[in-house]
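[1] Provided below for reference: sequence and predicted model.
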Amino acid sequence: MSQPIDLEYRYMTMQDVGAVAELERLAFTTPWPHDAFVNELTRNPNARYVVVVHQNRVIAYCGMWIVIDEAHITNIAVHPLYRGKKVGLALMIKMMGVAKMQGAHSMTLEVRPSNTVARNMYIKLGFKEHGRRKGYYSDNNEDAIIMWVTL
């Protein structure tokens, strides 16, 4: 499927938190709570969040922390109705650009071994596996694959 042509990418605002928290609940078995996103926007100077808007609706978001010259993807989610349309890929490309503009030279993330769609997308973007975190995911004790890319 092709990507919808009328997508808007912008930094997340407080007005987006409810929609982002709802996307988080749709996407993950152990979602971040609403307040976590409020804290990210109001108390974390290292946090950068971008939302994707289609027809005035937040359909995807991604967050990262930039610490010195490294960017760490904290979370990324695409609404189930928009998956398979390359929204996540385009969003990751945007985040990589934001990270570079903010002075990051590399980017890292964790991904479930069972999430082959996401893993394949990250590989397509140049990410490489650099280890595992044993039992990282609390819902099922699944490991996390640690991936890195040079920006």
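    Yep, that arrived.
[2] okay, which residue is most central for this structure?
    Nearest residue to the geometric centre of the chain (CA atoms, centre = their mean): Ile76, 2.3 Å.
[3] did I read that right, it in a helix?
    No: with DSSP: H, G, I helix; E, B strand; the rest coil as the criterion, Ile76 is located in strand rather than a helix.
[4] correct me, but it touches Val52?
    No: contact criterion CB atoms under 8 Å: Ile76 and Val52 do not qualify, at 10.3 Å. All C-beta spots, glycine's among them, are computed from the backbone N, C-alpha and C.
[5] common neighbours of those two, please.
    Ala60, Tyr61, Leu91 (CB atoms under 8 Å, 6 or more residues apart in numbering).
[6] just checking, which of those residues belong to helices?
    Among the shared contacts of Ile76 and Val52, the members found in helices (DSSP state H) are Leu91.
[7] out of the shared contacts of Ile76 and Val52, which end up buried?
    Ala60, Tyr61, Leu91 (16 or more other CB atoms under 10 Å).
[8] quick check: Glu8 vs Lys100, distance?
    21 Å (CB to CB, to the nearest Å).
[9] just list what the lengthiest strand in the chain packs against, helices and strands only.
    Looking across the chain with DSSP state E, the single longest strand is strand 57-67. Judged by 3 or more CB pairs under 8 Å, 6 or more residues apart in numbering; DSSP states H and E, the packing partners of strand 57-67 are helix 17-27, strand 47-54, strand 70-78, helix 87-101.
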